[in-house]
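# curious how this folds, go ahead:
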Amino acid sequence: MIQVVPRVTLLRQAEGVQLSLFDEVGGDEGVTRIVDALVGNVVNDPDFAPWFADIDLARLKSHQRAFLTVALGGPE
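Sure thing, here's the model as predicted:
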């Protein structure tokens with residue numbers, strides 16, 4: 001399991017600061033780790049890998065990062 005919530009985020013929550021889910025997963029760095037893990041698992045899975053054989057993975061990751069950033073309340 002990937003730990004994506006840095007300690008500083010937990011401290012900010014304890015101080016009563018309202019954080020977005022984007023902040024709670026570690027901001028840009030956390031979203032990048034999530035996307036890298038997801039895409040890595042998918043392309044290495046024998047059942048899913050054929051669906052991604054001809055896909056530009058850098059472009060896919062870029063789109064996934066952009067989507068998750070907005071979906072989790074990060075900057076647009």
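# low-confidence bits of the protein, can you list those?
Counting by pLDDT under 70, the chain shows low-confidence ranges at 1-14.
# just give me how far the helix or strand hosting residue 40 sits from the chain centre.
Using DSSP states H and E, the secondary-structure element containing residue 40 is helix 27-43. Mean C-alpha position of helix 27-43 versus that of the full chain (CA atoms, centre = their mean, to the nearest Å) differs by 5 Å.
# list the residues that contact residue 75.
For residue 75, the set of contacting residues under the criterion of CB atoms under 8 Å, 6 or more residues apart in numbering consists of residue 69. Where C-beta positions appear, they are placed from N, C-alpha and C, glycine not excepted.
# packing partners for the following helix or strand past the helix holding residue 40?
Read in the C-terminal direction, the helix or strand following helix 27-43 is helix 57-71, with elements assigned using DSSP H and E. The elements that helix 57-71 packs onto, with contact taken as 3 or more CB pairs under 8 Å, 6 or more residues apart in numbering; DSSP states H and E, are helix 27-43.
# angle of the helix it packs on against helix 57-71?
Here helix 27-43 points in a direction 130 degrees away from that of helix 57-71 (axes from the mean of the first three to the mean of the last three CA atoms, to 10 degrees).
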